[in-house]
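**Q** make a model of this:
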Amino acid sequence: MLAAHRLCKSFGGLRAVDGASIEVSQGSIAGLIGPNGAGKTTFFNLISNFIRPDQGRVLFDGEPIQHLQPHQIARQGLVRTFQVARVLSRLSVLENMIFAAQRQRGENFWYAWWPCTEVAQEERQLRDRAMTLLESVGLDQMAQTYAGALSGGQRKLLEMARALMTEPKLVLLDEPAAGVNPTLINQICEYILTWNREGLSFLIIEHNMDVVMSLCDRVWVLAEGRNLADGAPVEVQRNPQVMEAYLGQ
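**A** Take a look at the predicted model:
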């Protein structure tokens, strides 16, 4: 489903990503781990084209996407979250959800000028879908709350649910368990597994090895912007090079 080949990115004299590659199969949950500064988030930024690679290419569903803008990539079905959850603080939780839906009729210039039953019907459908997703992550009771009033963990849940409003095929999750209490971490893992069983694929950056071990089918390891290892979680965890670079042993 996703194949990134030999991506490179430099910032001045610093090579943040140095020929790294990764593949994610349809229906899988893949993990991307590595020590701080390994280039993981930069790698996500390259895949989603928030920053342009100096070299390399990215294929999604067999088609190159490195020339597309981030919103165009999202429309192809590849969406991402961020290490620090980004919400529209002065909009309600429900409005954040509805805002994420793509190709809404009401965004069309001509629909905006004339009353249209199609627009009203679509808005009702979007509200229903948004409320269903909010209920699935336990945020339905906060639908009318300003998103800026949510806790850090609740913002992560909102960001994940909002990503699902785009009807994606693959979601890039950047440290979904970071800064979250253990109970909520377990809930987040359950949500990810449920969505995966429903057909959604994931690529997850995560430092919490318990989360990686419980979720991922395959794990890729970066160190200093390069591929260090990949394989099943148990294999990677036992790899001496990984233990030295990532676990400090």
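**Q** okay, now the domains of the chain?
**A** As assigned by automatic domain parsing, the chain contains the domains 2-87+166-245, 90-149.
**Q** what does the average pLDDT come to for the longest one?
**A** Within the predicted structure, the mean pLDDT of domain 2-87+166-245 is 93.
**Q** same question for the shortest one.
**A** Per-residue confidence for domain 90-149 averages out to 82 on the pLDDT scale.
**Q** thinking again about what came up before, ok, which of the domains of the chain comes nearest Lys156?
**A** Comparing the domains of the chain against Lys156 with CB to CB, the closest turns out to be domain 2-87+166-245 (4.8 Å). Where you see a C-beta, it was placed from the backbone N, CA and C, and this is true even at glycine.
**Q** how long is that closest one end to end?
**A** Domain 2-87+166-245 has an end-to-end distance of 26 Å (CA to CA, to the nearest Å).
**Q** what's the answer for stretch 218-233, then?
**A** Using CA to CA, the end-to-end distance of stretch 218-233 comes out at 6 Å.
**Q** for it, buried residues please.
**A** 218-230, 233 (16 or more other CB atoms under 10 Å).
**Q** give me phi/psi at Phe99?
**A** Taking degrees, to the nearest 10, you get phi -60, psi -30 for the backbone angles of Phe99.
**Q** how about the helices in the chain?
**A** In the chain, the segments counted as helices under DSSP state H are 40-47, 70-76, 93-100, 109-113, 117-136, 152-164, 182-197, 209-215, 233-238, 240-245.
**Q** dump the ones you listed to a markdown table, plus distance to Asp174.
**A** Output for the helices of the chain, formatted as a markdown table (distance: least, CB to CB, whole Å):
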| stretch | distance to Asp174 |
| --- | --- |
| helix 40-47 | 6 |
| helix 70-76 | 14 |
| helix 93-100 | 17 |
| helix 109-113 | 34 |
| helix 117-136 | 20 |
| helix 152-164 | 10 |
| helix 182-197 | 13 |
| helix 209-215 | 13 |
| helix 233-238 | 19 |
| helix 240-245 | 20 |
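**Q** from the domains of the chain, which stretch is densest packed?
**A** Stretch with highest mean neighbour count among the domains of the chain: domain 2-87+166-245 (a mean of 18; mean count of other CB atoms under 10 Å).
**Q** which among the helices of the chain is found nearest to Gly19?
**A** Here helix 40-47 is closest among these (CB to CB), at 11.3 Å.
**Q** pull the CA atoms of that closest one into PDB?
**A** Extracted in PDB, the C-alpha atoms of helix 40-47 (Å, rounded to 0.1, in the frame of the first residue of the first chain):
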ATOM      1  CA  LYS A  40      11.200   9.500  12.400                       C
ATOM      2  CA  THR A  41       9.000  12.600  12.300                       C
ATOM      3  CA  THR A  42      11.000  14.000   9.400                       C
ATOM      4  CA  PHE A  43      10.300  10.800   7.600                       C
ATOM      5  CA  PHE A  44       6.600  11.200   8.300                       C
ATOM      6  CA  ASN A  45       6.800  14.700   7.000                       C
ATOM      7  CA  LEU A  46       8.400  13.500   3.800                       C
ATOM      8  CA  ILE A  47       5.900  10.700   3.200                       C
END
